Every structure is written in structure tokens, then in C-alpha cells.
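S.K.: Build the 3D model from these lines:
(2 chains)
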Protein chains: 2
Amino acid sequence: MPSLLQRKLMQVKPEDAYENTRTLTTTTDKGHYLSLRPLINPTAEQEKFPFESLFGGLNNTVSISNIDETTIKQDFSFGIHSNRVLGLPMQDAAVPTVWKTWESGDIQETGTVHPFGLDKEGVDFVELWQPLNAEAYQSKDDFRVGFTAENARSVTLKIDSKEFYGIVTIVGNIVQGLLQKKENPSISCIRCVVDSETLRFKKYEIKFGESLLQFPSEIPESLVVGSFIHGWEVIEA
Amino acid sequence: MPSLLQRKLMQVKPEDAYENTRTLTTTTDKGHYLSLRPLINPTAEQEKFPFESLFGGLNNTVSISNIDETTIKQDFSFGIHSNRVLGLPMQDAAVPTVWKTWESGDIQETGTVHPFGLDKEGVDFVELWQPLNAEAYQSKDDFRVGFTAENARSVTLKIDSKEFYGIVTIVGNIVQGLLQKKENPSISCIRCVVDSETLRFKKYEIKFGESLLQFPSEIPESLVVGSFIHGWEVIEA
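M.R.: Numbering: from 1, shown residues only, chains lettered A, B, ... in the order given. The predicted structure is shown next:
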């Protein structure tokens, strides 16, 4: 089921909760996912990399199981993660998380990460996610809370060349893309919407990194799985 | 400044957070406020009173002071409170709360209540509030996240008769009303929207209590402060 989730709260226990990002996570119908987490007010020092983090992966990098009617377990191993690209501490093993849907429809995620190794003390975290309607998303100031229709547009592009590894998801009206340069590693990303008439990408909210020209700039003309556009393979359409 | 806040999270420490209500708090330009907190899935037993609570008051029942640029203190003494009407435990003294606006625009409220007396142990709570645009509110499934314009409609009606005490707020498009019968105490409430053409109330989300006929059913024809409609005095217009 395609989804667009907006983060409303982050808490690293036992500290207080906060939200200093405009984090959106898109998940396609087939379960490929991207989470882009731009800081709202980056400091001068943070401007070099104005994100809490950037990550995502294909559906083979997340293992999902049911706990009960309102709770699922998701273990993320990540296909791309900014911590890995930037050489920051990061857990090698999959990160187990628990997602509980509240009566309100919002979803509370809890988990524990061990960035310094599984034998070291872990960090407990809580996040709260509000579902948005991906088909109605126009901008950070113009969107609708609610679920995304099951039959909403759900497209995934992948690039895995000598030079690059990357994923683009198009869910409803919103495009997110994340691209890693393999040598002299760097990370680039985009977030924008699709023009309903021309199918061109527009109103970029995020444009970051040295490899922006590698991203497509419109919905692929041929939406046949297995076809290529601009070096990217359509793996879901 | 008129506002419409949707609650996203409730936590009674040290228990886990949750959200099992569709709580909206309206505050008028002059600071009169109503918070209606209907349960999303009341049990059979809760159907008699399917709310977490219902409360509100005129601006003389809340004392506001600044803590810092992003934080204010609000001490609530409440003009009407369902706990008082229903004979449930309730703190007599004003309840001090701290409201911190996050970078995301959401607002975290923290406080401590002493329902069994100030000399007994208090209960720490956390709530998270998401601002909605009161002028765009149509229904629980059709609203917009964001701020309410400073010049949005902001009307307050008050009734204080031998039989009743009540408050109605109309902020932007959304009406909330709370009414207490003084003898054989009972509480009634409404939540609905204003038809933009006829100015009649419509699409009632909440209609509860034995005194519903006392509520007005449209924007007063005469919006002059001091005039009366259906027994209610216009105290803000």
C-alpha cells in the first residue's frame, strides 16, 4: 500500500521530544522506501549537510512482521544511508522498530539503535508519524492529512551503475530521490511534486548534492517495468 | 490571535503516549477558549459520556505569561469543566501548563495536575498540538494544517442565566459550544461548521447532551457586542 508519512515528533530517550525537521517518508506499493529529513533551521555549520539524515532502500532491505492488529515490526537494513556515506557511526545489523497505529490514525514508531556496536549501550528512540494523502500533496504548506488511496500512482526507479546507486520513488503527487556516488562518496537528494498535466517535476522543496543532474526531471515516458530512463531502471510502475 | 489546535498526542507519565480522541481546542482573538475531547472509539460504558473531557472558559479564567521566545505559561482555572459537572476529582486551584512551540510549528504542552488535592501526588502529562487553519476547516476528514489568519472570524457568545452557563466560540469556519445546566447539573456540547452562504450551522460532528436546543443554530444576525441572540450575549465579534 503506497503511503506518505510526515514526522511529527522525535525523541531520543531520556531526553525531551522535539521536531526540528520536515521529514517525509514515502513508501511505494511494493514497499520501496525513502526518508528525507531536512533540518528546518540549520545552523551555519549544518548548511554543509542540512539534514538529520537521509536514507532509504528497496523492499529487500526491510523485513516486516505482524505483532498484533495495530502493531507491526519492521527491521531496516537500509540500501542507502547518509551516515554510511558520510562515515558517521552506524549500526551494521538491521535496526528493529515497532510501529503502533493509534486510534487517531497516527503511528508511533519505537526502536533502539546501536550506532557504536551491538555490544555497546543502545539508544532508545520514539517517532510519531502522521499519514498524508500523497495524491493531494502540493507543497510543505499545502497538503492534506489522511491516507493515500491504494491505487495511487506508485513508481520506483533504481540506478546501480559503476558510478552511482540511487532510488527515486513517486507516490501520488510527490517525488523523492536519493543518490549515492560510489567513488569519492557523496549523497544527493530531491523532493518535489509532479505537474499533473506535463508530468514534469516542479516545485522542488529539496535539491541537494553534487549529482543533481543525474536525477530524472519528469515521469518516465515509458512506465514499463524493466525499461530505462536517463540511466534509471523502472522497477515498479 | 484566533487559533484552532488539533491534539496529536496525550501522555500521562510515566505511561506510554497515545491519542484516542478527536480533540480540537478553539481560542478566539480575545482569548476565550473551548476544548472538546470526544473519544474515537468509546466503549459501551463510555457511550453515556463519550469524551475524555470537555472544558473551556472566558479569557479571565486563564493567566498567560511569557517564559522565552518560544515558550509561554498558561494557568487554567476553567469556566466550565466536565469533571466539575460530573462530580469527578478535579483540582480547585489553577492548573499551570507550559507551551513550547517547536521548529515544526507544533506545540508541546506539559503540566502537572493534582486532581486529589495539591498536597497529594501530582500527575505529569504531555500533549502535542498541531495548528489547523480554522478558515479551511470543513470536517474531521477535510481540513488544512497551518495557522489561522489573524483577521479570521472570531466570535464568542455567552449565556449566564438562572438555568444555564455556556460559551460558544466561532473561529474561522468552526463552531464549538459548551453548556452547563446549573440545577440537576448536566453538560451539553456541539461542534460543527458554518455554511459560508447561509451562515447556518451544519455538518455537526458533535451533538451531545440534553440541552442541545439551547444552542444557536446560525451566526447571530446582529454581530454587535452586547446584543443577544436566542438568550446568548455576543461578547466578542
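
S.K.: CA only for contacts and neighbour counts going forward, please
M.R.: Fine.

S.K.: residues from chain A in reach of chain B?
M.R.: For chain A, the contact set with chain B under Cα under 8 Å from any Cα of the partner chain comprises A:8, A:18-22, A:40-41, A:102-104, A:106, A:141-146.

S.K.: Go ahead and build a PyMOL selection from the buried members of those.
M.R.: Command for PyMOL that selects the buried part of the residues of chain A next to chain B, burial taken from 16 or more other Cα atoms under 10 Å in any protein chain shown:
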select buried, chain A and resi 8+18+19+20+21+22+40+102+103+104+106+143+144+145+146
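
S.K.: what about the worst-scoring helix or strand of chain A on mean pLDDT, distance to the chain center?
M.R.: Lowest mean confidence among the helices and strands of chain A (mean pLDDT, DSSP states H and E): strand A:228-229, at a mean of 90. A distance of 22 Å separates the centroid of the chain from that of strand A:228-229, by Cα atoms, centre = their mean, to the nearest Å.

S.K.: Note down every partner strand of the next helix-or-strand element following it and its orientation.
M.R.: The element immediately downstream of strand A:228-229 (helix or strand, assigned by DSSP states H and E) is strand A:232-236. Next to strand A:232-236 in the sheet, as set by DSSP bridges, lie strand A:154-160 (antiparallel), strand A:228-229 (antiparallel).

S.K.: any idea of the mean pLDDT for strand A:232-236?
M.R.: The average pLDDT within strand A:232-236 is 97.

S.K.: And the nearest residue to residue A:189 once chain neighbours are set aside, how far from chain B?
M.R.: Nearest-residue entry for residue A:189: residue A:178, 4.4 Å, with adjacent residues in sequence omitted and distances by Cα to Cα, 6 or more residues apart in numbering or on different chains. The gap separating residue A:178 from chain B is 23 Å, by Cα to the nearest Cα, to the nearest Å.

S.K.: List of residues touching the helix or strand where residue A:178 lies?
M.R.: With elements taken from DSSP H and E, the one containing residue A:178 is strand A:174-181. Under the criterion Cα atoms under 8 Å, 6 or more residues apart in numbering or on different chains, residues A:26, A:34, A:36, A:54-56, A:80, A:85, A:134-135, A:137-138, A:163-170, A:186-194, A:201, A:211, A:215 lie in contact with strand A:174-181.

S.K.: swap the cut-off to 7 Å and go again
M.R.: A:34, A:134, A:137, A:163-170, A:186-194 (Cα atoms under 7 Å, 6 or more residues apart in numbering or on different chains).

S.K.: and the angle from it to strand A:154-160?
M.R.: Counting by axes from the mean of the first three to the mean of the last three Cα atoms, to 10 degrees, strand A:174-181 points 10 degrees away from the direction of strand A:154-160.

S.K.: On the C-terminal side of strand A:174-181, identify the next helix or strand.
M.R.: Criterion used, DSSP H and E; the element after strand A:174-181 is strand A:186-194.

S.K.: How about that next one, which residues are buried there?
M.R.: In terms of neighbour count (16+ other Cα under 10 Å), strand A:186-194 has its buried residues at A:186-194.

S.K.: Which stretches in chain A count as helices?
M.R.: Here chain A has its helices, by DSSP state H, at A:82-86.

S.K.: Which residue ranges make up each domain of chain A?
M.R.: According to automatic domain parsing, chain A comprises the domains A:3-132, A:154-236.

S.K.: you'd agree residue A:2 is up against residue A:33?
M.R.: No - between residue A:2 and residue A:33 there is no contact under Cα atoms under 7 Å: 9.6 Å.

S.K.: list residues touching both of these two?
M.R.: By Cα under 7 Å, 6+ apart, residue A:2 and residue A:33 have these common neighbours: residue A:27.

S.K.: Comparing those two, which residue is more hemmed in?
M.R.: residue A:33 (28 against 25; other Cα atoms under 10 Å in any protein chain shown).

S.K.: Distance check, the closest residue in space to that one that isn't next to it in sequence against residue A:5.
M.R.: Computed as Cα to Cα, 6+ apart, the closest residue to residue A:33 that is not its neighbour in sequence is residue A:27, at 4.3 Å. Distance, residue A:27 to residue A:5, by Cα to Cα, to the nearest Å: 8 Å.

S.K.: Then residue A:37?
M.R.: 12 Å.

S.K.: wait, what's in contact with the closest residue to residue A:89 other than its chain neighbours?
M.R.: Excluding its sequence neighbours, the residue lying closest to residue A:89 (Cα to Cα, 6+ apart) is residue A:115, at 5.2 Å. Taking Cα under 7 Å, 6+ apart, we find residue A:115 in contact with A:89-91.
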